[in-house]
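Colleague: requesting a structural model of the entry that follows:
(one chain, ligands or ions: 2)
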Amino acid sequence: MNNVCNINGHQHAIICNKLTKVYGSQIAVDHIDLKIRYGSIFGLLGPNGAGKTSVIKMLTGLSSPTKGEAIVADYNVVKETLKVKENIGWISSEVILDDSLTSMENIWIQSKLHSLGKNWKQKAQILMKYFELDERDDKKVGQFSTGMRKKLEITMALLHEPKILFMDEPTIGLDANTRRLLWNLIKKINKEYGVTILLTTHYIEEADVLCDSLAIINHGKIIARGSSQELKSIVGGDILEIEFFSDFDFSILKNIDGIKTIREEYLSYKDDGSRPEKPLKLFIKVKNAETVLPVLISEINKFDPNIIKTIRIDKPNLETIFLELTGMHFKEVEDTSDKEFYTHKRSF
Ligand SMILES: Nc1ncnc2c1ncn2[C@@H]1O[C@H](COP(=O)(O)OP(=O)(O)OP(=O)(O)O)[C@@H](O)[C@H]1O
Ligand SMILES: [Mg+2]
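Modeller: Residues are numbered from 1 along each chain as shown. Ligands and ions are numbered 1, 2, ... in the order given. Here you go, the predicted structure:
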């Protein structure tokens, strides 16, 4: 048992110290520090390629850190990998079920992988009852609905009574109803089984609904952490996103009451910084969108009544936090991650 977990009297299920993963010249995870308390549902939120799966792989002993260390369920992931594996369950976004077998046959394989004793079936029956799966169902898993498959995957991950459950993008590709069903299950097993859960997601709503603590990861680095409420306070106001048909001297707006900051943004090709490829866009942080917007529109109309293309109002949510921290929407980071784009920004 490693005592590193006893920090300020709190027990931590997961501790990462400067955890780093480098693949060739690619830094996938860049010196991350994390402390996740036992009993929590912790969300690692980030766009495609941010480094989420690489973190999970190191914490579950599937890949070794290039640098730094991690303690999971009180064991060192490098020096005590087997102990870590005994104490964790893992659900990946990839298919792990054998479609040609029944649910009980799939569970039997899992029990062998974890070298469970004769009582594996009894444990399986309890979990199946809990998740409302019919243990006498002799249908092949290939005929199961997505919701049933997810329930079975969770049953299998919990069979050896892990302290911590890792879920890598648990709801990716699910329809809205199945996603909600899974959210309820995740909350239920956390509350009733006391399992600590680390999940990764790039669904902002999912992190908001499920997680009591969050870290936002981008380009391998943790760029913010805290509860959803704490993270929302980073934004400190509503954001008006206004797109214009042509370039526009936004300095005429800066003295309007209630405006906190204005940031200009447009995308341009890397080797051609001279003119924006896309029309100008402004991100205007205001105390209250509803009171500022009419004044703002009337000022812009004085300059040119036909210049506004779109207006979007964002109340603080995890997406606006990401925008605030990176200057980009979640989707934009994903769309531009492998292209030769970069963002120009000017603020006052
Ligand atoms: N085995 C590998 N070899 C080389 N590069 C890798 C490998 N695995 C991941 N990477 C790179 O590391 C970076 C982080 O990848 P990772 O899979 O951890 O991101 P992610 O946040 O899980 O993304 P996604 O949301 O798409 O699942 C990416 O640039 C990826 O291309
Ligand atoms: Mg991933």
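Colleague: so Pro162 sits in a strand?
Modeller: No: secondary structure of Pro162 (DSSP: H, G, I helix; E, B strand; the rest coil): coil, not part of a strand.
Colleague: ok, and the closest non-adjacent residue to it?
Modeller: Residue nearest to Pro162 in three dimensions, not counting chain neighbours: Gly89, with 3.9 Å by CB to CB, 6 or more residues apart in numbering. In this view, the C-beta of every residue, glycine as well, is placed from N, C-alpha and C.
Colleague: paired strands for the helix or strand in which that neighbour is found, with orientation please.
Modeller: Secondary structure from DSSP states H and E places Gly89 in strand 88-91. Here strand 88-91 has these sheet partners by DSSP bridges: strand 164-168 (parallel).
Colleague: quick check: next helix or strand after the strand it pairs with?
Modeller: Assignment by DSSP H and E places the next element after strand 164-168 at helix 176-192.
Colleague: pretty sure the residue nearest to Pro162 sits against Glu153.
Modeller: No: contact criterion CB atoms under 8 Å: Gly89 and Glu153 do not qualify, at 9.7 Å.
Colleague: and the stretch 51-200 of the chain, which residues reach ligand 2?
Modeller: The stretch 51-200 of the chain comes close to ligand 2 at residues Lys52, Thr53, as judged by CB under 5 Å from the ion.
Colleague: swap in 8 Å and give it another go.
Modeller: Neighbours of ligand 2 within the stretch 51-200 of the chain, by CB under 8 Å from the ion: Lys52, Thr53, Ser54, Ile56, Ser93, Asp168, Glu169, Thr200.
Colleague: pick out the most distant pair among those residues.
Modeller: Ser54 and Ser93 (13.9 Å; CB to CB).
Colleague: the more surrounded of those two?
Modeller: Ser54 (24 against 14; other CB atoms under 10 Å).
Colleague: with adjacent residues omitted, what lies nearest to that one?
Modeller: Ala28 (4.1 Å).
Colleague: let me know the helix or strand that Ala124 is in.
Modeller: Per DSSP H and E: helix 120-130 holds Ala124.
Colleague: contacts for that helix next, please.
Modeller: For helix 120-130, contacts defined as CB atoms under 8 Å, 6 or more residues apart in numbering pick out Ser103, Met104, Ile107, Trp108, Ser111, Leu116, Asp134, Glu135, Thr155, Leu158, Leu159, Glu161.
Colleague: can you rerun that using 10 Å?
Modeller: Residues outside helix 120-130 that contact it (CB atoms under 10 Å, 6 or more residues apart in numbering): 103-104, 106-108, 110-112, 114, 116-117, 133-137, 151-152, 154-161, 185, 188-189, 192-193.
Colleague: out of the residues you listed, which end up buried?
Modeller: The neighbour-count test (16 or more other CB atoms under 10 Å) marks 103-104, 106-108, 110-111, 116, 133, 135, 151-152, 154-160, 185, 189 as buried among the contacts of helix 120-130.
Colleague: what touches both of Gly89 and Glu153?
Modeller: Joint contacts of Gly89 and Glu153 (CB under 10 Å, 6+ apart) are Gln110, Met167.
Colleague: re earlier: was I right about the residue nearest to Pro162 contacting Pro170?
Modeller: No: in this structure, Gly89 is not within contact of Pro170 by CB atoms under 10 Å, at 11.9 Å.
Colleague: any common contacting residues for the two?
Modeller: With CB under 10 Å, 6+ apart as the test, Gly89 and Pro170 both reach Glu153, Ile154, Ile197.
Colleague: without its sequence neighbours, what residue ends up closest to the first one?
Modeller: Looking back up the chat, that one is Glu153. Ile91 (5.3 Å).
Colleague: ok, now which ones touch Gly142?
Modeller: Gly142 neighbours (CB under 10 Å, 6+ apart): Leu97, Asp98, Asp99, Ser100, Leu101, Arg149.
Colleague: which residues does the third one contact?
Modeller: Put plainly, it is Asp99. So Asp99 contacts Asn106, Lys140, Val141, Gly142, Gln143, Phe144, Arg149 (CB under 10 Å, 6+ apart).
Colleague: repeat for the fifth one
Modeller: With contact set as CB under 10 Å, 6+ apart, Leu101 has these partners: Ile107, Trp108, Ile109, Lys140, Val141, Gly142.
Colleague: equivalent analysis for the second one, please.
Modeller: If a contact means CB under 10 Å, 6+ apart, then Asp98 has Glu105, Asn106, Ile109, Lys140, Val141, Gly142 as its contacts.
Colleague: the last one should be in a helix, yeah?
Modeller: What that stands for is Gly142. Yes: assessed by three-state DSSP, Gly142 belongs to a helix.
Colleague: pLDDT score for it?
Modeller: Note on Gly142: pLDDT of 92.
Colleague: any idea how far it lies from Met148?
Modeller: 11 Å (CB to CB, to the nearest Å).
Colleague: the second one now?
Modeller: Note on Asn106: its distance to Met148, by CB to CB, is 12 Å.
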